[in-house]
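A.B. asks: Sequence and predicted structure below; questions after.
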Amino acid sequence: MSIRAVRFAVPVTADVQDRHLGRLGRALAERGWTTTTPSASSGLWLRVFHPVIPRVGESVCVGRKRVRLYYYDSSGDVLGRVGDLPRVLAGIEARLEPCRRAADVRRMIA
């Protein structure tokens, strides 16, 4: 097994990050996900997780690839363009679907 180097996109300014991550965070909150932004010292990321299982989740940032802005996950994979929010939401929810299922099971047991 080989580990490939992940090349992140060109960083964007904090105000651009804040605007697009805020928009994504509000859309995810409407769908039942919890979001936080960790300390600014590590760069601006949006942490997405299920409220019942807060230790497992996905981190999202905004980066520039050529002239377009994209959302990237913590692995450096493109989730979608910032203008294509439905695709980005679907990608995040697909990655976190096991968390949603685990939270449902945890609720049924409790």
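C.D. replies: Ah, there it is.

A.B. asks: elements contacting the top strand by length along the chain?
C.D. replies: Secondary structure of the chain per DSSP state E: the longest strand is strand 53-65. Using 3 or more CB pairs under 8 Å, 6 or more residues apart in numbering; DSSP states H and E, the elements in contact with strand 53-65 are strand 10-11, helix 14-30, strand 46-50, strand 68-73, helix 85-109. (Glycine included, C-beta is placed from N, CA and C.)

A.B. asks: Following the chain past the fourth one, name the next helix or strand.
C.D. replies: Toward the C-terminal end, the helix or strand that comes next after strand 68-73 (DSSP states H and E) is strand 78-81.

A.B. asks: Name the residues of that next one that come out as buried.
C.D. replies: By neighbour count on 16 or more other CB atoms under 10 Å, the buried set for strand 78-81 is Leu79, Gly80.

A.B. asks: Adjust the sequence numbering to begin at 47 for everything that follows.
C.D. replies: Sure, I'll start counting at 47 from here, so that last one is strand 124-127.

A.B. asks: Pairing partners for that strand, with directions?
C.D. replies: strand 114-119 (antiparallel) (DSSP bridges).

A.B. asks: quick one: strands adjacent to the longest strand of the chain?
C.D. replies: strand 56-57 (antiparallel), strand 92-96 (antiparallel), strand 114-119 (antiparallel).

A.B. asks: Give me the contacts around that strand.
C.D. replies: By CB atoms under 8 Å, 6 or more residues apart in numbering, the surrounding residues in contact with strand 99-111 are 54-58, 62-63, 66-67, 70, 80, 89-96, 115-120, 124-125, 128, 138, 141-142, 145, 148-149, 152.

A.B. asks: again, 6 Å this time
C.D. replies: 55-56, 58, 63, 66, 91-95, 115, 117-120, 141-142, 145, 148-149 (CB atoms under 6 Å, 6 or more residues apart in numbering).
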